[in-house]
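Asker: Dropping a prediction and its sequence here:
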Amino acid sequence: MTNMQKGLAEFIGTFWLVFGGCGSAVLAAAFPEVGIGLLGVALAFGLTVLTMAFAIGHISGCHLNPAVTLGLWAGGRFAARDIPLYIIAQTLGGIVAAAALYTIASGTASYDLVVNGLAANGVGAGSPGGYNMGAGIMAEVLLTGFFLWIIMGATDGRAPAGFAPIAIGLALTLIHLISIPVTNTSVNPARSTGPAIIVGGLALQQLWIFWVAPIFGALVGGFLYRAINAPAAPNN
């Protein structure tokens, strides 16, 4: 595949992740009487990755996430020369998706950006459960690290063929079930950037957390998987 094809695939895939996941939170989670709630939002994020993995996995690998791209590089699965292309495409996809979601959400008089938000990530006053910065950073580091571990394991040549999208999608669902109350769940800098730019204020001020913590966790996860799965030295 050409770089243009890979970049467009990552743009479209990340758009789908942010639009579908954040859209479920903004448009459907609190809908009177039939709101999908936390479980529905978690499942929506997992479904975006699962569906896109089947749709574009053969084109770009379906990273949809700067932390995943860097984690796969750390794990020896991705070339450093392609990192800028992927991160730019993913970030732009997240921003455009957030803008599209805001346009749709604004189509009803009951929506207010300040009151309803755009599923932005945050800690402290920006955390759904009021969790402090330390708790938020720890959650993002740990969960992104495990996400990378699962991605690398599920896509390992020794893993059962054809099931990787299911394992990865379910992993992201579980991650959201754990951490929506803590940070509104990022584990993905591109997912955080789009809503933060539209919402501004505290979400934008805290955006650095959702770049640094997921990337650090992903690098650790990638390096660890690579180290543990390195070929054993022959016995003498």
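Answerer: Yes, it's here.
Asker: Every contact and neighbour count from this point should use C-alpha atoms.
Answerer: Will do.
Asker: can you give me the helices in the protein?
Answerer: Applying DSSP state H to the chain gives helices spanning 3-23, 37-60, 66-74, 83-105, 113-116, 133-154, 164-183, 189-199, 201-205, 209-228.
Asker: Turn these into a markdown table, including mean pLDDT.
Answerer: Listed next are these as a markdown table, based on pLDDT from 0 to 100:
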| stretch | mean pLDDT |
| --- | --- |
| helix 3-23 | 97 |
| helix 37-60 | 96 |
| helix 66-74 | 98 |
| helix 83-105 | 98 |
| helix 113-116 | 91 |
| helix 133-154 | 97 |
| helix 164-183 | 97 |
| helix 189-199 | 97 |
| helix 201-205 | 97 |
| helix 209-228 | 97 |
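Asker: Of all those, which one comes closest to residue 125?
Answerer: Each of these has some distance to residue 125 by C-alpha to C-alpha; the shortest is helix 201-205, at 8.3 Å.
Asker: about what we covered before: Throw the helices of the chain into a markdown table and include mean neighbour count, thanks.
Answerer: Formatted as a markdown table, these follow (neighbours: other C-alpha atoms under 10 Å):
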| stretch | mean neighbour count |
| --- | --- |
| helix 3-23 | 23 |
| helix 37-60 | 20 |
| helix 66-74 | 26 |
| helix 83-105 | 21 |
| helix 113-116 | 11 |
| helix 133-154 | 22 |
| helix 164-183 | 21 |
| helix 189-199 | 25 |
| helix 201-205 | 17 |
| helix 209-228 | 22 |
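Asker: Figure out which of the ones you listed is closest to residue 127.
Answerer: Closest approach to residue 127 among the helices of the chain is made by helix 164-183 (5.1 Å; C-alpha to C-alpha).
Asker: Now do the closest one against helix 133-154, angle only.
Answerer: 180 degrees (axes from the mean of the first three to the mean of the last three C-alpha atoms, to 10 degrees).
Asker: what's helix 164-183 packed up against?
Answerer: helix 37-60, helix 133-154 (3 or more C-alpha pairs under 8 Å, 6 or more residues apart in numbering; DSSP states H and E).
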